[in-house]
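Trainee: Predicted model and sequence below, questions to follow.
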Amino acid sequence: MLVALTHRNFRLLWIGLFVSFSGTFMQSAAVLWHVSVLVPADKRAIALGLVGLVRIVPVILFSLISGVAADAFDRRRLMLITQTIMAALAGVLGLLTFRGLTAVWPIYLLTAVSAAAGAFDLPARQALTPNLVPREHLPNAITLNSIMLQSASVAGPALGGLVVAVRGVGWVYVINALSFLFVIGALLLMDPPRRDETAPADRSNFTVAAALEGLGFVFRAPLIRSTMLLDFFATFFSSATALLPIFAQDILHVGARGYGWLYAAPAAGALVTSAIMIRIVDWIDHRGEVLIGAVALYGAATVAFGVSRVFWISFLCLAATGAADTVSMTFRNLIRQLETPDRLRGRMMGVNMVFFIGGPQLGELEAGLVANWLGAVTSVVTGGLGCLVATAWIGAITPALRAYRRQGLAELPVEEDRSEARAGEPG
């Protein structure tokens, strides 16, 4: 079950990222809460939606160049730079909060700059994982990363809600700044990679042509393209996270501590599911069908959350979204990692970043706008329904995804267009 952790470099990074992600999720929840208490009630929905906007704009601006950077430069050194920058920004936000911050624009500005640093960190980090374990241990590594991420998603917001209630939001930012030191330490302690573990960094590849090569690769591969579209549409339509302060304060009436639990609920469901997936991921054959079904469940659970008025039912619905997203995420990541050559992996991750970060962040803006117009409940329910429609559409137009099996693509019917299927075949 834990075979990937027997590899020292992967183990070091895995532990460091767990601590760091716990702090990051604490801050993500705290920022939404902080904004919600600084603005008038009649402007709260729009203000919360803007958090998603300032997070996604830097991702869109830097996605291609950050992917090229992950392929052209040493990925660990790149992560050292980005992690240091994000630690400093969290510390500045904490300092401003302790000095009596009353305006929201510094929160937006620092969040945007941190998102820009994160846009360079994420492709390097995800592209680094296949270089830390043998190919046969990659599914285990991806599942363990999912467990780590979801564990941090549970611990971070729950602890963050408690810290906000007891000590104040400024302490959350300070804790997050300190948490980055664990990743920095892990990167410094890692052994140098063997020459056969990764394609050598080549700064001459830091060009526009290299960026376009990565973009072309993604859109020529139907499996990779469809997993990105599923990720985007599911989280765009079903992004209820930005509205959780409204549900906690005005609909469920559970306060800051209840908000922390609601924010952590998807991760709680994801954590349980990850523990199951680590045992069964290699046994699941019809991976494409399971992926599509998981995204559909995500949308249905979002609808159920929107209509619930009972805290524990709402918690369970959000937990179901996390469980479904874990199944989906495991197979999405596995397909992308296995089907992308190492020399293009950073660029693929850069393009993917627009989809899987852009979906939830733009979704938060969309949810805020619809909530401001029609109310929070309507925003969440219609978003879940939109997710179901988008999932059905993508599944219908991508036979390669529906036919995807553990060994690769199943034999497609004769009348299907095999040229598109071949473009996405594993290997």
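Mentor: Sure thing, it's come through.

Trainee: which stretches of the stretch 1-150 of the chain have low pLDDT?
Mentor: 1 (pLDDT under 70).

Trainee: so Ser308 touches Cys317, yeah?
Mentor: Yes - counting by CB atoms under 8 Å, Ser308 touches Cys317, with 6.0 Å between them. All C-beta spots, glycine's among them, are computed from the backbone N, C-alpha and C.

Trainee: out of these two, which sits in the more crowded spot?
Mentor: More crowded of Ser308 and Cys317, by other CB atoms under 10 Å: Cys317, with 25 against 20.

Trainee: what kind of secondary structure is the closest residue to the more buried one other than its chain neighbours in?
Mentor: Leaving out its chain neighbours, the residue that sits closest to Cys317 by CB to CB, 6 or more residues apart in numbering is Phe305, at 3.7 Å. Classification of Phe305 using DSSP: H, G, I helix; E, B strand; the rest coil returns helix.

Trainee: Please name the nearest non-neighbouring residue to Val57.
Mentor: Ala112 (6.6 Å).

Trainee: pretty sure the one you found is in contact with Val54, am I right?
Mentor: Yes - between Ala112 and Val54 there is a contact at 4.3 Å, judged by CB under 8 Å.

Trainee: In terms of neighbours, single out the busier of these two.
Mentor: More neighbours surround Val54 than the other of Ala112 and Val54, with 21 against 17 (other CB under 10 Å).

Trainee: by contact count, what packs against the helix or strand encompassing the more buried one?
Mentor: Here Val54 is covered by helix 44-72, with elements defined by DSSP states H and E. Secondary-structure packing of helix 44-72 (3 or more CB pairs under 8 Å, 6 or more residues apart in numbering; DSSP states H and E): helix 8-38, helix 105-128, helix 208-220, helix 244-246, helix 342-374.

Trainee: To Leu334, which of those helices lies closest?
Mentor: helix 105-128 (12.3 Å; CB to CB).

Trainee: Need the three-state assignment for Leu96.
Mentor: helix.

Trainee: For the nearest residue to Ser114 once chain neighbours are set aside, give its distance to Trp33.
Mentor: Sequence neighbours aside, Leu89 is the residue nearest to Ser114 in space, at 4.6 Å (criterion: CB to CB, 6+ apart). Distance, Leu89 to Trp33, by CB to CB, to the nearest Å: 18 Å.

Trainee: Kindly report the same for Thr326.
Mentor: The gap separating Thr326 from Trp33 is 25 Å, by CB to CB.

Trainee: got the contact list for the residue nearest to Ser114?
Mentor: Contacts for Leu89 (CB atoms under 8 Å, 6 or more residues apart in numbering) come out as Leu110, Val113, Ser114, Ala117.

Trainee: Is it correct that the third one is in contact with Ala88?
Mentor: No - proximity of Ser114 to Ala88 does not meet the contact threshold set by CB under 8 Å, at 9.4 Å.

Trainee: Quick check on those two: which one has the bigger neighbour count.
Mentor: Ser114 (27 against 15).

Trainee: list the contacts for the more buried one?
Mentor: Contacts of Ser114 were listed using CB under 8 Å, 6+ apart, and they are Ile85, Met86, Leu89, Ala90.

Trainee: same thing but 10 Å
Mentor: 24, 27, 31, 54-55, 58, 82, 85-90, 92-93, 121, 176 (CB atoms under 10 Å, 6 or more residues apart in numbering).

Trainee: now those residues: which count as buried?
Mentor: With burial judged by 16 or more other CB atoms under 10 Å, the buried subset of these is 24, 27, 31, 54-55, 58, 82, 85-87, 89-90, 92-93, 121, 176.

Trainee: re the thing from before, hmm, Gly52 and the residue nearest to Val57 touching each other?
Mentor: No - in this structure Ala112 lies outside contact range of Gly52 using CB atoms under 10 Å: 11.3 Å.

Trainee: Which neighbours do Ser308 and Cys317 have in common?
Mentor: What both Ser308 and Cys317 touch, as defined by CB under 10 Å, 6+ apart, is the set Val380.

Trainee: For Gln27, which non-adjacent residue is closest in space?
Mentor: Closest residue to Gln27 apart from its sequence neighbours, by CB to CB, 6+ apart: Asn176 at 4.2 Å.

Trainee: who's in contact with that neighbour?
Mentor: Residues counted as contacts of Asn176 (CB under 10 Å, 6+ apart) are 20-28, 30, 86-87, 89-91, 93-94, 114, 156, 160.

Trainee: Same check on Pro245?
Mentor: 29, 32-37, 44-45, 48, 256, 259, 262-263, 376 are the contacts of Pro245 under CB under 10 Å, 6+ apart.

Trainee: do Ala324 as well
Mentor: 234, 238, 266, 269-270, 273, 293-302.

Trainee: Quick check: the farthest pair among the residues you listed?
Mentor: Pro266 and Gly293 (17.8 Å).

Trainee: ok, these two, which is more surrounded?
Mentor: Pro266 (29 against 16).

Trainee: What residues sit buried inside stretch 99-106?
Mentor: In terms of neighbour count (16+ other CB under 10 Å), stretch 99-106 has its buried residues at Leu101, Val104.

Trainee: chain center to that stretch, what's the gap?
Mentor: Averaging C-alpha positions (CA atoms, centre = their mean, to the nearest Å) puts stretch 99-106 27 Å from its chain's average.

Trainee: where do the strands sit along the stretch 201-350 of the chain?
Mentor: For the stretch 201-350 of the chain, strands defined by DSSP state E, counting those that start in this stretch do not occur.

Trainee: give me the low-pLDDT residue ranges for it?
Mentor: Low-confidence segments of the stretch 201-350 of the chain (pLDDT under 70): 201-211, 213-215, 238-239, 281-282, 285, 341-343, 345-346.

Trainee: re earlier: ChimeraX command for the buried members of the contacts of Leu89?
Mentor: The ChimeraX selection below is limited to those of the contacts of Leu89 classed as buried (16+ other CB under 10 Å):
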select :110,113,114,117
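
Trainee: Looking at the contacts of Leu89, spot the one nearest Pro130.
Mentor: Lowest distance from Pro130 to the contacts of Leu89 (CB to CB) belongs to Ala117, with 22.9 Å.

Trainee: which residues sit in contact with Ala390?
Mentor: Applying CB under 10 Å, 6+ apart to Ala390 gives the contacts Leu229, Leu230, Phe232, Phe233, Ala234, Phe236, Phe237, Ser238, Val295, Ala296, Gly299.

Trainee: and if you look at Trp373?
Mentor: Contacts of Trp373 (CB under 10 Å, 6+ apart): Ala45, Ser379.
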